[in-house]
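K.L.:
Below is the sequence, then the predicted model.
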Amino acid sequence: MKSPAVVNFAPEPHSVELREFSRPEPGPEDVILAVEAVGVCGSDLHQWTSTHSWKVNYPVVLGHEFGGRIAALGRAVQGWQEGDRVVSETAAVINPDSPLSRAGLYNLDPSRKGFGYGVDGAMTRFVKVPARCLHRVPAGLAMEHAALTEPCCVAYNAVMNNGRIRPGDRVVVLGPGPIGLLCAAIARLAGAQVALVGLERDRTRLEVAKAYGCEVIIGDATAWAQSRDGLGADGVVDAAGASAALRTALELVRPAGWISKVGWGPQPLNFSLDPLVQKNVTLQGSFSHNWPIWERVLALLASGQLDVRPVLGGVWTLEAWHEAFEKMHAGQIVKAVLKPA
């Protein structure tokens, strides 16, 4: 049985096309998921434009933000049934015996391979998923919203686990892409006063931040960061995806403050890190997520405390993937979701 799939087939720019893809067979500990919704991530766009900085196993089906119903079970899978509504984590391949995996930090296992770059992802009708990656979708949570659990988990990890937010803190988020907006939303949930910072071309996406109660700043955020006591923001989340944003973060953060860097940027820094030392700033990288983060985020989504509707710019068929990619790339929308038929 074959169905269409959005395939990244080579490292050259725009080497993505719709191809026929065979339905996979489950291994003993896998399930086959009938995909009902798959989010388009900035990393999918980076692979499409060949501006990514990670190794890709070409050709590969894109898509790592997804949910659906279990269509088939491997013979050793327990605790799940066909028809269960689920979402999946992204760590498709890990070494379970690695010290990091044993500590629950399998997201940091050096042998980890994720959907959409390391193994075939979910921009197709059926995807093979290790049962350990599954989380049950709460009743009443729409699948196009549940499919955005993954970017919400990235943001939760960056803000709550790798930041130090206390209610009343002033937090600057650099970059109004999907992750930046969700970081801002979660920082607001944690009780912070939040400013989301972007450029003139980001006006459309910055408007979304107002739905989360954030201040919106185009350009220099110094005045906002220093408006309380002149020392700077308590914390800065760098979700901009350009290495130069770290320099801005060091300028905006207060002494003894923190910076959580979740945005990727392959460019060299070309500036001094002395302010990091002089200000005694904590600089923390943030990558991916793990099981307890997913459970917390699904609870927030199900309760309505975390609402992804402001960032969802539309739903497209799989065949219309190019339009969805173009709209996100142009900044006309924040997030697109594809629905395989």
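P.N.:
The structure has been received and is ready for your questions.
K.L.:
where does the residue nearest to P292 when sequence neighbours are not counted land in three-state SS?
P.N.:
Nearest residue to P292 in three dimensions, chain neighbours excluded: G104, at 7.7 Å (CB to CB, 6 or more residues apart in numbering). C-beta coordinates here come from the backbone N, C-alpha and C atoms, glycine included. Following DSSP: H, G, I helix; E, B strand; the rest coil, G104 is assigned to coil.
K.L.:
what's the neighbour count on G104?
P.N.:
Around G104 there are 11 other residues, counting by other CB atoms under 10 Å.
K.L.:
for it, what are its contacts?
P.N.:
Going by CB atoms under 8 Å, 6 or more residues apart in numbering, G104 touches 290-292.
K.L.:
Give me the phi and psi angles of L189.
P.N.:
With angles defined as degrees, to the nearest 10, L189 sits at phi -60, psi -30.
K.L.:
cool, and Q226?
P.N.:
Torsion angles at Q226 (phi, psi; degrees, to the nearest 10) stand at phi -100, psi 0.
K.L.:
For the residue nearest to P292, give me the pLDDT.
P.N.:
pLDDT for G104: 96.
K.L.:
mind starting the numbering at 700 from now?
P.N.:
I'll keep to 700 as the first residue from here, and by that count the last item is G803.
K.L.:
quick one: it from A830, how far?
P.N.:
Separation of G803 from A830 (CB to CB, to the nearest Å): 17 Å.
K.L.:
before we move on, what about S926?
P.N.:
Applying CB to CB, the value for S926 to A830 is 50 Å.
K.L.:
didn't E781 look like it was pressed against A770?
P.N.:
Yes: contact criterion CB atoms under 8 Å: E781 and A770 qualify, at 6.5 Å.
K.L.:
With neighbour numbers in mind, choose between S926 and A830.
P.N.:
Per other CB under 10 Å, whichever of S926 and A830 has more neighbours is A830, with 21 against 12.
K.L.:
Cross-check the contact I'm expecting between the more buried one and A771.
P.N.:
No: if you go by CB under 8 Å, A830 and A771 don't touch, sitting 11.5 Å apart.
K.L.:
shared neighbours of these two, anything?
P.N.:
Shared contacts of A830 and A771 (CB under 8 Å, 6+ apart): V730.
K.L.:
in the stretch 850-999 of the chain, which spans are strands?
P.N.:
For the stretch 850-999 of the chain, the strands defined by DSSP state E, counting those that start in this stretch occupy 869-873, 892-897, 914-917, 932-937, 952-960, 981-984.
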